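# from the sequence below, what's the structure:
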Amino acid sequence: MQKMVNLMVEHTNLGKDSRFIDVGCGLGKPNIHVAQDPGVNFSYGIELEYVRWMLGIANLHQVLKTAQKQSEGDEAKLAHQVYFAHGDITEAKYFDPFTHVYMFDIGFPPRLFETLATMFNRSQSEYLICYHGPKLMVDRYGFNVELLVQKPLSMHGSSEVHTGYIYRRTEEAKKSTKCTTTTFDVPCDPLFANAWKICRSGLEEVCDHTAFEVAKHIAAKPRRVTRSRKVAELQ
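Here you go, the predicted model:
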């Protein structure tokens, strides 16, 4: 992931004013990475598969607990502007407010690509980062983008090598219809608004939200059923 981040910094000015979304974030490593380095303004991951999202939110919970311990000084050493959502990206109509749309899209079905292309083309998002070339992304699915750079990248924790592609939206795409809803005076699809507000509220707010999700979905203990209660329920 570090090599891809370096490419994004070099070719897209990924930095502290950037807003980053990972479509199909899984365990959330890219989101946590860019929140820390280069320290983006807002890092949002969305995952449809429940178990993978739970693993991601558990990872984030541990990172945030460390950030809380380190925040006794003037400022937290670990960045906290990260939000993981369990949901369907197609419930959004726009990718706004994100400046960078990232997706490890190996295995995405054709219909999803078509939906994502429509979303991207009518959004103001400037950059698309993925793992498919122009023949698929531009010619087949119609993303209004132009290729900036491509580079073979090895996947952390495996022997797989995939080529990463960084695209920039075309001038034609910039003329698209804008999202009319705003958050912090920036075009923002309603699906992402609450998450952005939580991240802007500070470390404690993000920690509280993440801890609540962990307690609700992971830490909850099943009710202990005694022998007498089991017998009573069977009667």
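# from now on I want contacts and neighbour counts done on CA atoms only, so please keep to that.
OK.
# where do the strands of the protein begin and end?
Taking DSSP state E as the criterion, the chain contains strands spanning 19-23, 42-47, 82-86, 100-102, 127-130, 145-154, 161-169, 182-183, 186-187.
# from Val101, how far out is Ala195?
16 Å (Cα to Cα, to the nearest Å).
# to His11, which of the strands of the chain lies closest?
strand 145-154 (7.3 Å; Cα to Cα).
# could you measure from the residue minimising distance to the centre of the chain over to Ser18?
Nearest residue to the geometric centre of the chain (Cα atoms, centre = their mean): Gly45, 2.1 Å. Using Cα to Cα, Gly45 is found at 14 Å from Ser18.
# and if you look at Val214?
Val214 sits 27 Å away from Ser18, going by Cα to Cα.
# likewise Val161?
Val161 is 27 Å from Ser18, by Cα to Cα.
# who has more neighbours, the two?
A side-by-side neighbour count of Val161 and Ser18, using other Cα atoms under 10 Å, places Ser18 first with 20 against 11.
# wait, that one sits on Asp37?
No: look at Ser18 against Asp37 with Cα atoms under 8 Å: they stay out of range, at 11.6 Å.
# how far away from the center of its chain is stretch 123-139?
With Cα atoms, centre = their mean, to the nearest Å as the basis, stretch 123-139 stands 16 Å off its chain's centre.
# list the buried residues of that stretch.
By neighbour count on 16 or more other Cα atoms under 10 Å, the buried set for stretch 123-139 is 123-134, 137-138.
# over to stretch 51-64?
Using 16+ other Cα under 10 Å as the test for burial, stretch 51-64 gives 52-58, 60-61, 63-64.
# could you dump these to JSON lines with distance to Ile32?
As requested, those are exported to JSON lines (distance: Cα to Cα, whole Å):
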{"residue": "Arg52", "distance to Ile32": "15"}
{"residue": "Trp53", "distance to Ile32": "14"}
{"residue": "Met54", "distance to Ile32": "15"}
{"residue": "Leu55", "distance to Ile32": "13"}
{"residue": "Gly56", "distance to Ile32": "10"}
{"residue": "Ile57", "distance to Ile32": "11"}
{"residue": "Ala58", "distance to Ile32": "12"}
{"residue": "Leu60", "distance to Ile32": "8"}
{"residue": "His61", "distance to Ile32": "11"}
{"residue": "Val63", "distance to Ile32": "8"}
{"residue": "Leu64", "distance to Ile32": "10"}
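# give me the helices and strands touching the longest helix along the chain, please.
Longest helix of the chain, by residue count under DSSP state H: helix 50-70. Contacts defined by 3 or more Cα pairs under 8 Å, 6 or more residues apart in numbering; DSSP states H and E place helix 50-70 against strand 82-86, helix 203-214.
# of all the ones you listed, which lies closest to Gln68?
Of all the helices and strands packed on helix 50-70, helix 203-214 sits nearest to Gln68, with 7.5 Å by Cα to Cα.
# got the angle between the closest one and helix 50-70?
Angle of helix 203-214 versus helix 50-70, following axes from the mean of the first three to the mean of the last three Cα atoms, to 10 degrees, is 150 degrees.
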